[in-house]
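Peer 1: quick one: sequence and predicted model below, then my questions.
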Amino acid sequence: MAVEKMSLAKALNESLRKALDTDPKVLVMGEDVGKLGGVFRITDGLQKDFGEERVIDTPLAESGIVGTAIGLALRGYRPVVEIQFDGFVFPAYDQIVTQLAKMHARALGKIKLPVVVRIPYGGGIGAVEHHSESPEALFAHVAGLKVVSPSNAADGYWMLQQAIQSDDPVIFFEPKRRYWDKGEVDTESIPDPLHAARVARAGTDITLAAYGPMVKVCLEAAAAAEEEGKSVEVLDLRSMSPIDFDAVQKSVERTGRLVVVHEAPVFYGSGAEIAARITERCFYHLEAPVLRVGGFHAPYPPARLEEEYLPGLDRVLDAVDRSLAY
């Protein structure tokens with residue numbers, strides 16, 4: 001078995017390398033992805049090995065980048081677009097929502113848009129304004145888009161390849177504060193389906209459901225709760241659109257309680273949809289209301305205040321205690 005310990009950043013780099021090597025129609029494009037290798041070095045070395053026609057440095061124009069990717073996809077290519085930071089995606093939002101998400105339906109299924117838009121997202125790195133957003137709900141709300149986020153290196157490696165192979169447009173959110181977290185990656189394993197949730201830690205008393213950067217926080221919370229005799233199940237959702245509601249339901253029917261955790265603001269966040277669906281599906285199994293833990297309904301604060309803004313161990317454990325108190 002080809003098992004290697006690597007960081008999430010390295011796993012994404014290896015995944016892109018594998019995709020470029022396997023399919024000549026795969027292209028990588030974005031600001032500074034070529035000679036520099038990206039601001040987080042996710043594309044490091046790819047232009048050197050695959051050339052400037054397949055790993056393309058673009059102008060600083062996100063709308064133009066995504067618009068060009070749409071045109072390339074219509075001509076049979078599989079473009080992988082990098083948006084340098086989460087807060088930079090909004091100039092391209094029009095292209096993504098009005099063109100990328102809708103063309104397949106407008107053409108009655110006759111055309112496909114196999115475009116992957118990679119977006120480093122979330123806080124925790126002490127960045128300046130527009131560099132620490134969590135806009136995933138804005139994309140998950142849009143019919144025609146698939147939205148996913150890996151929480152670890154193994155998922156980063158496999159989910160990115162699965163996204164590239166998909167004929168649907170995929171918004172691929174990468175938790176930037178997890179780029180340097182290391183984990184084992186088996187490059188010869190059979191991956192789970194792209195949109196399937198996974199039990200990251202089994203438990204019997206309560207379910208914590210999270211994705212991307214907050215899965216690690218939930219695992220830490222589960223370990224801390226275990227010292228107090230509480231058995232916490234952690235469910236890594238992996239996908240925000242579609243959401244694997246069957247997996248969430250199965251877990252909640254076992255534990256009777258659910259807390260949904262994400263960095264994005266709680267107001268109109270992914271947790272609200274999960275809470276509503278699980279309340280409908282599991283009403284007679286729930287021992288407590290579905291609770292949500294997330295960011296505040298406010299613009300992302302300056303770096304010196306982000307630890308107060310981001311949901312951390314204490315806020316997750318507080319929700320666990322409140323749920324178990326019912």
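Peer 2: That came through fine.
Peer 1: which residue comes closest to Pro213 once chain neighbours are left out?
Peer 2: Leaving aside its chain neighbours, Pro213 sits nearest to Pro175 (3.7 Å; criterion: CB to CB, 6 or more residues apart in numbering). (Each C-beta comes from the backbone N, C-alpha and C, glycine too.)
Peer 1: an error on my part: the question was meant for Phe50.
Peer 2: Per CB to CB, 6+ apart, closest to Phe50 is Leu20, 5.1 Å.
Peer 1: list the buried residues of the least confident helix or strand in the chain by mean pLDDT.
Peer 2: Taking mean pLDDT, DSSP states H and E as the measure, the chain has helix 306-309 as its least confident helix or strand, at a mean of 92. Using 16 or more other CB atoms under 10 Å as the test for burial, helix 306-309 gives Glu306, Tyr309.
Peer 1: which strand or helix spans Ala264?
Peer 2: In this assignment (DSSP states H and E), Ala264 forms part of strand 258-265.
Peer 1: and the very next helix or strand once past that strand, average pLDDT?
Peer 2: Later in the chain than strand 258-265, the nearest helix or strand by DSSP H and E is helix 270-281. For helix 270-281, the mean pLDDT works out to 98.
Peer 1: what's next to helix 270-281, contact-wise?
Peer 2: Applying CB atoms under 8 Å, 6 or more residues apart in numbering, the contact partners of helix 270-281 are 136-137, 140, 209, 211, 240, 243, 245, 248-249, 252, 258, 260-262, 264, 266, 286, 289-290, 292-294.
Peer 1: one more time with 7 Å, if that's ok
Peer 2: 136-137, 140, 209, 240, 243, 245, 248-249, 252, 258, 260, 262, 264, 290, 292, 294 (CB atoms under 7 Å, 6 or more residues apart in numbering).
Peer 1: contact partners for the residue nearest to Pro213?
Peer 2: By CB under 7 Å, 6+ apart, the neighbours of Pro175 are Tyr121, Gly122, Ser149, Ser151, Gly212, Pro213.
Peer 1: between which two of these is the distance greatest?
Peer 2: Longest distance between any two of those is 12.4 Å, between Tyr121 and Ser151; criterion CB to CB.
Peer 1: chain center to stretch 31-42: distance?
Peer 2: From the chain centre to the centre of stretch 31-42 is a distance of 20 Å (CA atoms, centre = their mean, to the nearest Å).
Peer 1: show me what counts as buried in the longest helix seen in the chain.
Peer 2: Ranked by number of residues, the top helix in the chain under DSSP state H is helix 8-22. Neighbour counts over helix 8-22 (16+ other CB under 10 Å) mark 8-20 as buried.
Peer 1: in TSV, list those along with pLDDT and distance to Ala107.
Peer 2: Output for these, formatted as TSV (pLDDT from 0 to 100; distance: CB to CB, whole Å):
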residue	pLDDT	distance to Ala107
Leu8	98	36
Ala9	98	37
Lys10	98	38
Ala11	98	35
Leu12	98	31
Asn13	98	34
Glu14	97	35
Ser15	98	29
Leu16	98	29
Arg17	98	32
Lys18	97	30
Ala19	98	25
Leu20	98	28
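Peer 1: what's the closest of these to Asp205?
Peer 2: Leu8 (29.8 Å).
Peer 1: check the gap between the closest one and Gln161 for me.
Peer 2: 14 Å (CB to CB, to the nearest Å).
Peer 1: which of the contacts of helix 270-281 fall in helices?
Peer 2: With helices taken from DSSP H, the overlap with the contacts of helix 270-281 comprises Glu136, Ala137, Ala140, Phe245, Val248, Gln249, Val252.
Peer 1: what's the burial count for the first one?
Peer 2: Neighbouring residues of Glu136 were enumerated by other CB atoms under 10 Å; the total is 26.
Peer 1: likewise the second one?
Peer 2: Other residues within reach of Ala137 by the criterion other CB under 10 Å amount to 20.
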